[in-house]
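> One predicted model, sequence on top.
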Amino acid sequence: VQLVESGGGLAQPGGSLRLSCAASGFTLSNYGMGWFRQAPGKEREFVAAIASSGGSTYYSDSVKGRFTISKDNAKSTLFLQMNSLKPEDTALYYCAKGRGGSSTSSGAWYDYWGQGTQVTVSS
């Protein structure tokens, strides 16, 4: 299993970024997936999750209405569209593979993690 994130970078407050997570070594359509983030000096926190079917999504209160999680099973890629970015969104963002088809905010549910992509929101 391999998960490789991309798409991070520097954005201005109010701007947008789209993160991608290229998945290999397993069939994306069979597993729930999640995005987490970790800011310097803080614990890792849940951002968003999507069930294997893609029909069920779940967001943290801090990003709800601004971020959208989606996936393209044919391309084996997970996405996180981030709009209306705020300085407090600055963090290292990770994608993670679930142990089954469900989506959850618990990090313990996820068994494989990518290396992360840095997002910095600053003017």
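Good, I have the coordinates. Residues are numbered from 1 along each chain as shown.
> name the element the spatially most central residue of the chain belongs to?
The centroid of the chain falls nearest to Trp35 when counting by CA atoms, centre = their mean (2.5 Å). Under the criterion of DSSP states H and E, Trp35 resides in strand 33-38.
> Relative to that strand, what are the paired strands and their orientations?
strand 45-50 (antiparallel), strand 91-98 (antiparallel) (DSSP bridges).
> for the protein, what spans make up the strands?
With DSSP state E, the ranges of strands along the chain come out as 2-6, 9-11, 17-24, 33-38, 45-50, 57-59, 67-72, 77-82, 91-98, 110-113, 117-121.
> Dump those strands to CSV, plus mean pLDDT and distance to Thr104.
Bear in mind the C-beta positions are built from the backbone N, C-alpha and C, glycine included. As requested, the strands of the chain are exported to CSV (pLDDT from 0 to 100; distance: least, CB to CB, whole Å):
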stretch, mean pLDDT, distance to Thr104
strand 2-6, 98, 17
strand 9-11, 97, 28
strand 17-24, 98, 17
strand 33-38, 98, 8
strand 45-50, 98, 6
strand 57-59, 96, 7
strand 67-72, 97, 13
strand 77-82, 98, 15
strand 91-98, 98, 7
strand 110-113, 97, 8
strand 117-121, 98, 22
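> which outside residues touch the strand holding Trp35?
19, 21, 23, 44-50, 69, 71, 78, 80, 89, 91-98, 103-105, 107, 109-110, 116, 119 (CB atoms under 8 Å, 6 or more residues apart in numbering).
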